[in-house]
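1. I need the structure of the sequence given here:
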Amino acid sequence: MKIAVVTPWFSENVSGGAEKFAGGIATCLKNAGLDVEILTTCGRDSFWDWGTDYYPEGVQEIDNLSIRRFPLRKRNKKLYEELLGKLLSGQELTYLEEMQLLNETVNSDKMYDFIQQYGSDYLFLFIPYLFGTTYWGSRIRPSQSYIIPCIHDEDMAYFHSMGHLFTRVQGLLFNTIEERELAEKIQPSLIGDYIISGGGVEVLYEPNEERFRQKYNIKDDYFIYVGRQVTGKNVPQIIDYYSRLVSEKPQNTKLVFIGNGEEQVIEAMKKCPNIINLGETPDEDKFDALQGAIALIQPSLMESFSIVIMESWLCGTPVIVNEYCHVTKGHCVRSDGGLFYKDYSTFVETIEKYLFDIEFRREKAVKGKEYVEKYYTWEAVAHRITDFLKKNEYWSEDVIHENIN
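-> A predicted model of the protein is given here:
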């Protein structure tokens, strides 16, 4: 029996946290001796048309992982946008409308046919919860399915259909204590068997601040944001806050952005001369940039783990998070490796504390790194997941191959 990690998109350079997480889960389980492959669509990423293929159908190898791609189903984008607009305006969708919305997200009929035909050979780990690949895929073989929800406090999490999703599968694998608490709050009495599996983070590279500065000609001190530059990640807030800060208190300190983004968000950055947007960069440049930053700023209100916070700590850099995100604040409280803000005035306070107190930010960075190395290695994650899966009646010794390494 094999393990299949099922995710809407996957590539070497995918920018979404859940998709990167899927690759990490697959790799750590393979390194633990399991037979693992990733099932995904031919789509490129969340910024690409969800109904248009980018990669060819078939099986390929990426970093020693077997990736099985299936063509995307054509979708009614107009209907999706109408339903999403209704949801975002505060209206409640009917159960039928929930089904219609899920039907117009990311789906692949050939993937579902594969799960139906060959599913008896697999245990499935679906990630994340809110796409059709998870909802419809897990519905085919629920007794062999687990979900890594990556749940946020967002409208879709409150769907009646999501309660059904969480209860019909064999179990849920949460990234943090706060994510589990949120799920229980949103869907009370509907959370069955679960584990706090966490996530693993590693930086397989020796970061070098000077290499980054020379390559991108950045001489001034800088803070950094890494990830998708989208409204849903609360990026407009830090653009506004930072622009206001340097306007009120002129200085040379920069705010560097790395990652892809929405057009309107990128346009907003151009209005502030102290903001530098580098777009997508190689991982090596990202780690070099993290090491050189005064602090990473993570403004998102909706995180289930936040890989980049862990990467920042491993690169020796403290973090700033939004006080209203329970997950990222929880990391900072438990580790004592970061500060959090709740409004503009506290944002300025955290910026200036890090900027003017070098020893303080070094201490925060050290504590953050210790926290990651203690709780979030991939080896520990693999042990937690395999122990959890062994409770399932479908688990058998043929899942585990002798790891000759």
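
2. can we go C-alpha only for contacts and neighbour counts from here?
-> Will do.

3. by contact count, what packs against the helix or strand harbouring F223?
-> Counting by DSSP states H and E, the element that carries F223 is strand 222-226. Secondary structure elements in contact with strand 222-226, counted by 3 or more Cα pairs under 8 Å, 6 or more residues apart in numbering; DSSP states H and E, are strand 254-258, helix 283-292, strand 296-298.

4. how about a cut-off of 7 Å?
-> For strand 222-226, the helices and strands in contact under the criterion 3 or more Cα pairs under 7 Å, 6 or more residues apart in numbering; DSSP states H and E are strand 254-258, strand 296-298.

5. Just name the most buried of the ones you listed.
-> Per-stretch averages of neighbours, counted by mean count of other Cα atoms under 10 Å, single out strand 296-298 among the helices and strands packed on strand 222-226, with a mean of 27.

6. So which elements touch that strand?
-> Strand 296-298 packs on strand 222-226, strand 319-322, going by 3+ Cα pairs under 7 Å, 6+ apart.

7. The last one pairs with which strands, parallel or anti?
-> It refers to strand 319-322. strand 296-298 (parallel), strand 338-341 (parallel) (DSSP bridges).

8. Just send those strands back as CSV, with distance to N103 too.
-> Formatted as CSV, the entries for the strands paired with strand 319-322 read as follows, by distance: least, Cα to Cα, whole Å:
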stretch, distance to N103
strand 296-298, 32
strand 338-341, 38
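
9. Can I get stretch 337-346 in PDB, CA atoms only?
-> What follows is the C-alpha trace of stretch 337-346 in PDB, where atoms were taken according to Å, rounded to 0.1, in the frame of the first residue of the first chain:
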ATOM      1  CA  GLY A 337      11.200  34.600  19.200                       C
ATOM      2  CA  GLY A 338       9.100  37.500  17.900                       C
ATOM      3  CA  LEU A 339       6.900  40.500  18.500                       C
ATOM      4  CA  PHE A 340       3.400  41.200  17.500                       C
ATOM      5  CA  TYR A 341       1.400  44.300  16.600                       C
ATOM      6  CA  LYS A 342      -2.300  45.200  16.600                       C
ATOM      7  CA  ASP A 343      -2.500  48.600  15.000                       C
ATOM      8  CA  TYR A 344      -0.300  51.300  13.400                       C
ATOM      9  CA  SER A 345       1.200  52.600  16.600                       C
ATOM     10  CA  THR A 346       2.200  49.100  17.900                       C
END
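
10. Which one of the helices and strands packed on strand 222-226 lies nearest to Y129?
-> Across the helices and strands packed on strand 222-226, Y129 has its closest neighbour in strand 296-298 (22.3 Å, Cα to Cα).

11. For this structure, just list every one of the strands.
-> With DSSP state E as the definition, the chain shows strands at residue ranges 2-6, 36-41, 58-62, 65-70, 122-126, 145-147, 171-174, 194-196, 222-226, 254-258, 275-277, 296-298, 319-322, 338-341.
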